[in-house]
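> After the sequence you'll find the predicted model.
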Amino acid sequence: MVAAHPEQGWSLLCNGAIVFDDSGELLPDGSVVAPHRVPAERLAMTA
């Protein structure tokens, strides 16, 4: 990890990728990895 900004919700990795707290990523080539979110229905079942 090159830089961490937990107050802003992101970290810069040594390979140039930016990783967000919601599990999304912005890769060095500009491509995006969507966040891996759990559907609300599944959250309600585990509560």
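That came in fine, so what should we check first?
> buried sites along stretch 24-34?
Buried residues in stretch 24-34, counted by 16 or more other Cβ atoms under 10 Å: 24, 26. Quick note: C-beta positions are derived from backbone N, CA and C, even for glycine.
> where in the chain is pLDDT low?
Counting by pLDDT under 70, the chain shows low-confidence ranges at 42-47.
> could you pull out the strands for it?
Residue ranges of the strands in the chain, as given by DSSP state E, are 3-5, 10-12, 18-20, 25-26, 32-33.
> Just put these in CSV and tack on distance to residue 40.
Shown next, in CSV, are these (distance: least, Cβ to Cβ, whole Å):
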stretch, distance to residue 40
strand 3-5, 28
strand 10-12, 24
strand 18-20, 20
strand 25-26, 23
strand 32-33, 21
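> For residue 32, which non-adjacent residue is spatially closest?
residue 26 (5.9 Å; Cβ to Cβ, 6 or more residues apart in numbering).
> so the one you found makes contact with residue 18?
Yes - counting by Cβ atoms under 8 Å, residue 26 touches residue 18, with 4.4 Å between them.
> Report how many residues lie close to residue 40.
8 (other Cβ atoms under 10 Å).
> That one and residue 2, how far apart?
Using Cβ to Cβ, to the nearest Å, one obtains 34 Å as the distance from residue 40 to residue 2.
> which residues does the nearest residue to residue 15 once chain neighbours are set aside contact?
Closest residue in space to residue 15, ignoring its immediate chain neighbours: residue 28 at 6.7 Å, by Cβ to Cβ, 6+ apart. The contact partners of residue 28, taken as Cβ atoms under 8 Å, 6 or more residues apart in numbering, are 15-17.
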